[in-house]
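Enquirer: 3D, please:
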Amino acid sequence: MNYEQTLEYISQSISSKTIHKGEFGLERTKFLLSLCGNPQETTPTIHIAGTSGKGSVAYLTSTMLISQGLKTGLHVSPHLTDIRERLQINNQLISQELFSQYFTEFIEFIQKCSQSFFGAPSYTEVMSSFGYYVFDREKVNVSVVEVGVGGLLDGTNVIQNSNKISVLTRVGFDHQTIVGHTLVESVFQDVGIVNQNSQIIALDDEQTREVYQYFAQKTKSELNLLSPKNYQLNRFDYQTTEFGYTYKNLRLEVFFGIKGLFQVENCALALAAIYEMMKKLQLQINENSLLKSLEKASWRGRMDEYTSHAGGSVLFDGAHNPQKMEALVESLKLYFPGQKLNFLVAFKQGKDFVEMLQTIIPIANSIAITKFYIEPNFYIDSVDVGQIEEVLKANDFGNYEILENFSGAINHIDSYPETDKLLIVTGSLYLLAKVYTILEI
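Expert: Model (predicted):
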């Protein structure tokens, strides 16, 4: 198949209706991988779970591994504008030809799985398995894998060997119907990625510490907890982030290229993962190359700057749950103390958009409301603009406008004036995906 035929096959033949099938889906994923020789077991892996920051930690970890001369596979989800984002090699998309070649090979295993007791695998099960398959075929030195939902029953949680490092980012509430309605339930899901006799890197928090310690003891794994003492902020403004970092015998002064106070914490976790992986591989860290990679780092959809055709400043951020939105707003307050900013928002159905709006309102000058819809086979829709309007009215916020036509939202962004305040586009990575595609960013 050529690339267009491959995408059509994925769209038409692989179900996206059921995104999460729980334990049965996980067993089906394992079976699918067994059909192609268990490629997930061939490469040392850094596996990343948590509510907030997984994608950023994955990207930063991959970036630093590449700086050390290691061929690195990066699996993230969802993708923004191109399905190949889900299985990058050295932070680059593989060619359309290679994607099609590998997927054509992989169809044999999808069909065998479909004809088995397990039945046809879902979209997420196929794409997570295909990522492992591509990394094996490409003979990467290390794989960096972001969990999709939760951890314990996620489709990426299929590695059995102990040659894996589990990284746990900040835990909060998201996907509650899947991972549970209490913090402890969420933590138990996330920590479910930990293998026997492996390593855990996590943030030290009194609410989660006992759970981490329990699982470390249960799995006979080494637990490494990071606190703010490990990453002391030296300078933080809109142009520059500098922090001192200490972890075991690693001492660094970091000039960091990605905006956002919360990204310092993500970078700290990624640095610990690098330290432990390089130790596992018996390699010395080239600190100069490492620091240069962090200084140049940028990550699409996370406080991502854009200049409109009218010359205005636009900042895209895919904050899509209350914890992420709180982190975004905290950074904006530090960057622009006392200022009111303009927002354009849309939220995926099922998200706690009320709390996110209540976080935005205190620093908002104006709020534009829009909506999105992702291709029919994905069944992803946004919160109705009327519901958002009701929340704004209930919170006595009157300076808003409704952009029901998405072309209106695009025009709102790209005609944003040079002289006005910063425009923040946020609420959903799916919103950003639509905008990026249309504006060809």
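Enquirer: from here on, just use CA atoms for contacts and neighbour counts.
Expert: Noted.
Enquirer: hey, which helix or strand in this structure has the poorest pLDDT?
Expert: Taking mean pLDDT, DSSP states H and E as the measure, helix 176-179 is the helix or strand of the chain with the lowest mean score, a mean of 42.
Enquirer: check which helices and strands the helix or strand following that helix is in contact with.
Expert: Using DSSP states H and E, the helix or strand that follows helix 176-179 towards the C-terminus is helix 183-190. For helix 183-190, the packing partners by 3 or more CA pairs under 8 Å, 6 or more residues apart in numbering; DSSP states H and E come out as helix 176-179, helix 209-219.
Enquirer: quick check: which of these is nearest to Asp414?
Expert: Between Asp414 and the helices and strands packed on helix 183-190, the tightest spacing by CA to CA is seen for helix 176-179, at 35.3 Å.
Enquirer: most centrally placed residue in this structure?
Expert: Gly55 (2.6 Å; CA atoms, centre = their mean).
Enquirer: quick one: mean pLDDT for the helix or strand hosting it?
Expert: Assigned by DSSP H and E, Gly55 belongs to helix 54-67. Mean pLDDT, computed over helix 54-67, is 97.
Enquirer: re earlier: for the residue nearest to the centre of the chain, what are its contacts?
Expert: Val76, Ser77, Glu146 (CA atoms under 8 Å, 6 or more residues apart in numbering).
Enquirer: can you lay out those as CSV showing neighbour count, distance to Gln207 and secondary structure?
Expert: CSV is the format used below for these (neighbours: other CA atoms under 10 Å; distance: CA to CA, whole Å; DSSP: H, G, I helix; E, B strand; the rest coil):
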residue, neighbour count, distance to Gln207, secondary structure
Val76, 23, 27, coil
Ser77, 19, 27, coil
Glu146, 29, 23, strand
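Enquirer: so can I have TSV of the residues you listed showing pLDDT and distance to Leu332?
Expert: Output for the contacts of Gly55, formatted as TSV (pLDDT from 0 to 100; distance: CA to CA, whole Å):
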residue	pLDDT	distance to Leu332
Val76	95	26
Ser77	88	26
Glu146	96	26
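Enquirer: got these as JSON lines, with distance to Asn2 columns?
Expert: Formatted as JSON lines, the contacts of Gly55 follow (distance: CA to CA, whole Å):
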{"residue": "Val76", "distance to Asn2": "24"}
{"residue": "Ser77", "distance to Asn2": "23"}
{"residue": "Glu146", "distance to Asn2": "28"}
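Enquirer: ok, those vs Glu276, which is closest?
Expert: Glu146 (17.6 Å).
Enquirer: surely that closest one meets Gly50?
Expert: No - with contact defined as CA atoms under 8 Å, Glu146 does not count as touching Gly50 (9.3 Å).
Enquirer: part of a helix, is Ile201?
Expert: No - read with DSSP: H, G, I helix; E, B strand; the rest coil, Ile201 is strand and lies in no helix.
Enquirer: state the distance from it to Val254.
Expert: Separation of Ile201 from Val254 (CA to CA, to the nearest Å): 20 Å.
Enquirer: how far away is the closest residue to Thr42 other than its chain neighbours from Thr43?
Expert: Spatially, and ignoring its direct neighbours in sequence, Thr42 is nearest to Asp136 (6.8 Å; CA to CA, 6 or more residues apart in numbering). Counting by CA to CA, the gap from Asp136 to Thr43 is 7 Å.
Enquirer: now the strands for the stretch 51-200 of the chain?
Expert: Along the stretch 51-200 of the chain, counting by DSSP state E, counting those that start in this stretch, strands occupy 72-75, 88-89, 142-146, 164-168, 199-203.
Enquirer: the ones you listed into CSV, with extra columns for distance to Met303?
Expert: Output for the strands of the stretch 51-200 of the chain, formatted as CSV (distance: least, CA to CA, whole Å):
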stretch, distance to Met303
strand 72-75, 21
strand 88-89, 21
strand 142-146, 19
strand 164-168, 22
strand 199-203, 22
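Enquirer: where does pLDDT dip in this protein?
Expert: 15-21, 172-183, 375-379 (pLDDT under 70).
Enquirer: break it down into its domains, please.
Expert: For the chain, automatic domain parsing gives the domain ranges 3-295, 304-439.
Enquirer: tell me how far stretch 148-157 is from the chain's mean position?
Expert: When C-alpha coordinates are averaged (CA atoms, centre = their mean, to the nearest Å), stretch 148-157 and its chain have centres 13 Å apart.
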